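Engineer: just coords:
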């Protein structure tokens, strides 16, 4: 792939269109500075005991670029707009199970920087919805998950991350989120 003119453009917000349970059209707005957490469909085996339908990530930045695909599988060398998100992954806390049956919220935390892929790039079309993550205040914050970074963390974090977050399962006037 070749990035045209060696330019990548940054955006301040991402709009996610979705259909509510009653067939209405709605929109979430993701902003890396204020409301940055999203969920995507999981690639986990549905027959697994640890199956969860979604994966979670924090959007660090939103970009687009004009790219040309020149590989052997290329169908066209014409430049095309490619949008992508730079994200920091959350991992589920498998020690503490959640869900309707357990009457407890699912819990996630940032993936440790030593993990093979604590960060990644994501196609915005894979984002299902913005998600509300609630800091698990009882577990405090830590500096052990990642070295100091003013880019990958929100500017007011003092290089600390919440150890865990609870995934907000909510119902509002238009939306019911299904959870196992």
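Structural biologist: That came through fine. Just so we're clear, the structure is a prediction, and the values are computed from it rather than from any experiment.

Engineer: C-alpha from now on. contacts and neighbour counts both.
Structural biologist: Will do.

Engineer: Can you show me the strands along this structure?
Structural biologist: All strands of the chain, identified by DSSP state E, fall at 2-11, 14-19, 25-30, 37-41, 54-68, 80-92, 107-110, 119-122, 127-130, 133-135, 141-142, 161-162, 165-167.

Engineer: ok now the longest one, how far from the chain's centre?
Structural biologist: Shown here is strand 54-68, whose average C-alpha point lies 9 Å from the average C-alpha point of the whole chain (Cα atoms, centre = their mean, to the nearest Å).

Engineer: Also the last one?
Structural biologist: Per Cα atoms, centre = their mean, the displacement of strand 165-167 from the mean C-alpha position of its chain is 13 Å.

Engineer: Give me the contact list for that strand.
Structural biologist: Applying Cα atoms under 8 Å, 6 or more residues apart in numbering, the contact partners of strand 165-167 are 105, 106, 107, 108, 109, 131, 132, 133, 134, 135, 136.

Engineer: measure residue 4 to residue 91 for me?
Structural biologist: For residue 4, the distance to residue 91 equals 35 Å [Cα to Cα, to the nearest Å].

Engineer: typed the wrong thing, it's residue 18
Structural biologist: On the measure of Cα to Cα, residue 18 and residue 91 end up 24 Å apart.

Engineer: and if you look at residue 75?
Structural biologist: Taking Cα to Cα, one finds residue 75 at 36 Å from residue 91.

Engineer: quick one, which of those two is more surrounded?
Structural biologist: For residue 75 versus residue 91, neighbours defined as other Cα atoms under 10 Å are more numerous around residue 91 (16 against 9).

Engineer: beta partners of the more buried one?
Structural biologist: residue 109 (DSSP bridges).

Engineer: Relative to residue 77, how far out is it?
Structural biologist: Residue 91 sits at a distance of 38 Å from residue 77 (criterion: Cα to Cα).

Engineer: now swap in residue 50 and tell me
Structural biologist: Per Cα to Cα, residue 50 is found 43 Å from residue 77.

Engineer: Can you get me a residue count around residue 15?
Structural biologist: Other residues within reach of residue 15, judged by other Cα under 10 Å, total 13.

Engineer: for residue 150, that is, sorry about that
Structural biologist: Neighbours of residue 150 (other Cα under 10 Å): 12.

Engineer: Look up the pLDDT of it for me, please.
Structural biologist: As predicted, residue 150 sits at a pLDDT of 70.

Engineer: OK, contacts around the most centrally placed residue in the chain?
Structural biologist: When Cα atoms, centre = their mean is applied to the chain, the residue found nearest the centroid is residue 57 (2.4 Å). Residues in contact with residue 57 (Cα under 8 Å, 6+ apart) are 37, 38, 39, 87, 88, 89, 90.

Engineer: The helix or strand bottoming out on mean pLDDT in the chain - which strands sit beside it in the sheet, and in what orientation?
Structural biologist: When the helices and strands of the chain are compared on mean pLDDT, DSSP states H and E, strand 141-142 comes out lowest with a mean of 82. Neighbouring strands of strand 141-142 in its sheet, by DSSP bridges, are strand 161-162 (antiparallel).
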